[in-house]
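1. please find the sequence and the predicted model below.
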Amino acid sequence: MASSCSLFHSSLASKSKLPLLHHQNHPKFNRPTPTVISCTSSSTFDPSAATSSSNNNSPSPQKNRRLADENIRDEARRHRSTAKNTFSAKYVPFNAGRDSIESYSLDEIVYRSRSGGLLDVQHDMEALKKFDGAYWRELFDSRVGKTTWPYGSGVWSKKEWVLPEIDPDDIVSAFEGNSNLFWAERFGKQFLGMNDLWVKHCGISHTGSFKDLGMTVLVSQVNRLRKLKRPVVGVGCASTGDTSAALSAYCAAAGIPSIVFLPANKISIAQLVQPIANGAFVLSIDTDFDGCMKLIREVTAELPIYLANSLNSLRLEGQKTAAIEILQQFDWEVPDWVIVPGGNLGNIYAFYKGFKMCQELGLVDRIPRLVCAQAANANPLYLHYKSGWNEFKAVKANTTFASAIQIGDPVSIDRAVYALKNSNGIVEEATEEELMDAMAQADSTGMFICPHTGVALTALIKLRNIGVIGAGDRTVVVSTAHGLKFTHSKVDYHSKKIPDMACGFANPPVQVKADFGFVMDVLMKYLGDKAPKH
Ligand SMILES: Cc1ncc(COP(=O)(O)O)c(C=O)c1O
Ligand SMILES: N[C@@H](CCOP(=O)(O)O)C(=O)O
């Protein structure tokens with residue numbers, strides 16, 4: 001059996017024509033061929049460990065089968081290099097000028113800058129730039145879909161770009177990420193005349209939404225903080241359903257108390273039952289999401305409860321890996337458009353950040369144009385965009401079938417505006433009828449998407465119809481949650497039970513007597529209608 005080290009070594013070195021994937025032998029260090037590659041027998045290469053002299057791990061020619069009493073975490077620990085990690089990250093004020101010197105360790109509990117603005121996680125780009133784009137592409141590609149702790153996760157396969165300093169022992173992961181990039185062949189062809197349309201199914205994941213990507217990072221850091229004896233008794237969030245599901249699952253996996261604030265009667269039953277089942281302390285509060293968000297911010301300022309909403313920039317470090325993954329899935333070719341449904345607006349920035357890091361570190365030479373799609377009933381970003389980015393005004397969000405984005409006062413508004421301005425981006429909106437029709441149309445071609453993805457598809461339909469998105473443009477629609485969380489809205493639609501909505505693509509079941517003749521009659525009629533007309 002070949003060792004993973006030798007596989008990695010031979011395939012990567014030959015493909016890239018790099019001398020070797022090794023700090024000191026990297027072209028930038030102008031060193032000749034090395035003698036040792038410092039990866040270990042069963043894990044993928046750990047670049048932070050890549051120093052020939054300081055690493056005592058000798059490469060094994062054979063992949064060692066894990067010992068019977070060892071789990072994958074122990075195994076990773078056994079193989080870990082003793083070399084010093086060379087990558088780092090810290091909090092800085094979001095979009096701070098070059099002169100700003102304000103920064104915080106990621107081990108501090110801080111969500112806002114001194115002036116009250118947002119924070120961002122800033123990586124030591126100079127350290128990352130010591131490796132070229134080919135290096136990072138090949139490293140990330142070598143880790144896809146493995147069970148190696150923690151790199152088998154789509155998020156932790158990019159660990160050096162996410163939380164470079166965390167000990168893998170502290171990581172809480174469900175091997176999230178690596179989600180399907182679905183070729184929407186029939187939907188693209190039938191409804192849009194497109195042949196290069198893709199749906200990134202971030203909702204086909206551990207708790208059924210993209211929130212897992214950010215939550216593995218946040219809960220891992222909390223795990224570390226608790227080991228460092230920082231005052232974190234529990235972790236809390238306000239939620240429209242998905243954040244609370246992810247938070248409670250990851251906390252339950254790590255044995256950390258979670259506290260969730262939910263707007264009463266405004267989230268789906270499937271979402272409500274997730275934190276309940278995972279043992280979270282659930283408060284159902286008689287307000288909307290924005291009201292819950294305000295309360296959790298006040299509470300986390302008073303109590304040792306760590307804030308898990310995307311106001312906390314750690315979350316976005318995980319979410320940005322979906323963008324990197326899209327590039328990876330296209331073999332590092334950049335799509336023309338990426339369309340993301342927006343609510344609290346952390347995710348649109350996370351996508352921007354993921355794409356931008358890939359450009360800055362030489363993995364790709366450009367970034368896609370971003371589109372943020374909002375429900376017309378909760379559209380503060382859309383109104384802001386339409387006003388020419390004049391003064392932002394929060395709105396009172398009205399009820400929408402896209403209930404997870406029923407948000408009127410998004411905490412990441414500044415991040416979203418930055419992402420859109422710097423990606424030549426566009427904001428679109430979808431009415432209730434448009435988003436439900438788009439969802440039903442997509443489902444009729446074999447998908448089973450959530451209403452938020454219906455919002456994103458509506459944006460695509462609109463931009464395609466006016467020719468902004470071309471027939472041949474490679475376009476990715478980000479599907480943010482699993483359709484099974486939102487079956488009630490699909491049932492209402494297909495039963496044509498929604499007031500003032502034509503439900504034009506409804507497919508209600510036919511009631512028929514348990515009688516062969518009746519069954520035959522309805523089937524004959526159905527087949528007659530379906531027969532090709534000559
Ligand atoms: C399913 C779903 N889609 C989209 C969003 C929007 O993401 P963001 O809040 O990062 O804009 C959310 C949460 O807000 C969500 O739960
Ligand atoms: N849709 C979200 C709303 C909160 O967003 P967050 O990313 O700031 O946590 C949810 O599912 O709760």
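-> Received it, and whenever you're ready, just let me know what you need. Numbering: from 1, shown residues only. Ligands and ions are numbered 1, 2, ... in the order given.
2. mind listing what the most centrally placed residue in the chain touches?
-> Central residue of the chain (C-alpha atoms, centre = their mean): residue 319, 3.6 Å from the mean position. By C-beta atoms under 8 Å, 6 or more residues apart in numbering, the contact list for residue 319 reads 210, 213-214, 310, 346-347, 350-351, 354. Any C-beta I mention is one placed from the backbone N, CA and C, and that applies to glycine too.
3. 10 Å instead, please
-> Residue 319 makes contacts with 155, 202, 210-215, 217, 310, 346-351, 353-354, as judged by C-beta atoms under 10 Å, 6 or more residues apart in numbering.
4. cool, and residue 279?
-> 248-249, 251-252, 255, 257-258.
5. do that again at 8 Å, thanks
-> Counted by C-beta under 8 Å, 6+ apart, residue 279 has contacts 248, 252, 258.
6. ok, so what distance separates the last one from residue 111?
-> Looking back up the chat, that one is residue 258. 17 Å (C-beta to C-beta, to the nearest Å).
7. give me the more crowded residue out of these two.
-> residue 258 (28 against 18; other C-beta atoms under 10 Å).
8. beta-bridge partners for the more buried one, please?
-> With DSSP bridges as the criterion, residue 258 is bridged to residue 235.
9. with the one 5 residues further on instead?
-> Residues in a beta bridge with residue 263, per DSSP bridges, are residue 285.
10. assess the claim that residue 372 and residue 345 are in contact.
-> Yes - counting by C-beta atoms under 8 Å, residue 372 does reach residue 345; the two are 7.5 Å apart.
11. in stretch 318-330, what's buried?
-> Neighbour counts over stretch 318-330 (16 or more other C-beta atoms under 10 Å) mark 318-329 as buried.
12. about what we covered before: let me have the contacts of residue 279 in TSV, extended by distance to residue 148 and pLDDT.
-> Compiled in TSV, the contacts of residue 279 are given as follows (distance: C-beta to C-beta, whole Å; pLDDT from 0 to 100):
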residue	distance to residue 148	pLDDT
248	27	98
252	24	98
258	28	98
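13. closest one of those to residue 494?
-> Proximity of these to residue 494 (C-beta to C-beta) peaks at residue 248, which lies at 30.5 Å.
14. list the helices and strands the helix or strand harbouring that closest one packs on?
-> Using DSSP states H and E, residue 248 sits within helix 242-254. Secondary-structure packing of helix 242-254 (3 or more C-beta pairs under 8 Å, 6 or more residues apart in numbering; DSSP states H and E): helix 211-227, strand 234-238, strand 258-263, helix 269-277.
15. list the contacts of it.
-> Here helix 242-254 has contacts from 172, 174, 206-212, 214-216, 218-219, 222-223, 234-235, 237, 239, 257-258, 260, 262, 271, 274-275, 278-280, 282, 308-310, 404, 480-481, 485, using C-beta under 8 Å, 6+ apart.
16. can you rerun that using 6 Å?
-> Applying C-beta atoms under 6 Å, 6 or more residues apart in numbering, the set of residues contacting helix 242-254 from outside is 172, 207, 209, 211-212, 215, 219, 223, 235, 237, 258, 260, 271, 274-275, 278-280, 308, 404, 481.
17. just the buried members of those?
-> Among the contacts of helix 242-254, the ones that count as buried by 16+ other C-beta under 10 Å are 172, 207, 209, 211-212, 215, 219, 223, 235, 237, 258, 260, 271, 274-275, 278, 280, 308, 404, 481.
18. among those residues, which ones lie close to ligand 1?
-> Residues of the buried ones among the contacts of helix 242-254 in contact with ligand 1 (C-beta under 6 Å from any ligand atom): 209, 404, 481.
19. rebuild those residues as CSV, extending it with distance to ligand 2.
-> CSV is the format used below for these (distance: C-beta to the nearest ligand atom, whole Å):
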residue, distance to ligand 2
209, 7
404, 4
481, 8
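20. for residue 358, state which of these is nearest.
-> Closest to residue 358, out of all of those and judged by C-beta to C-beta, is residue 209, at 23.5 Å.
21. show me what contacts that closest one?
-> Contacts of residue 209 by C-beta under 6 Å, 6+ apart are 203, 242, 481.
22. enumerate the beta-bridge partners assigned to it.
-> With DSSP bridges as the rule, residue 209 is bridged to residue 481.
23. any idea how far it is from residue 501?
-> Using C-beta to C-beta, residue 209 is found at 25 Å from residue 501.
24. and the angle from the helix or strand hosting residue 119 to helix 211-227?
-> In this assignment (DSSP H and E), residue 119 forms part of strand 119-123. Angle of strand 119-123 versus helix 211-227, following axes from the mean of the first three to the mean of the last three C-alpha atoms, to 10 degrees, is 80 degrees.
25. can you tell if strand 119-123 touches ligand 2?
-> No - using C-beta under 6 Å from any ligand atom, strand 119-123 never reaches ligand 2; the gap is at least 13.8 Å.
26. name the surrounding residues that touch that strand.
-> Strand 119-123 is contacted by residues 89-92, 94, 113, 313, 317 when judged by C-beta under 6 Å, 6+ apart.
27. kindly report the same for stretch 160-169.
-> Here stretch 160-169 has contacts from 76, 87-89, 150, 217, 220, 224, 317, using C-beta under 6 Å, 6+ apart.
28. make TSV from the contacts of residue 209 and add pLDDT to it.
-> Shown next, in TSV, are those (pLDDT from 0 to 100):
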residue	pLDDT
203	98
242	98
481	98
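29. nearest spatial neighbour of residue 412, skipping sequence neighbours?
-> Leaving aside its sequence neighbours, residue 412 sits nearest to residue 345 (C-beta to C-beta, 6 or more residues apart in numbering; 4.0 Å).
30. actually, residue 238.
-> Using C-beta to C-beta, 6+ apart, the closest residue to residue 238 is residue 292 (3.5 Å).
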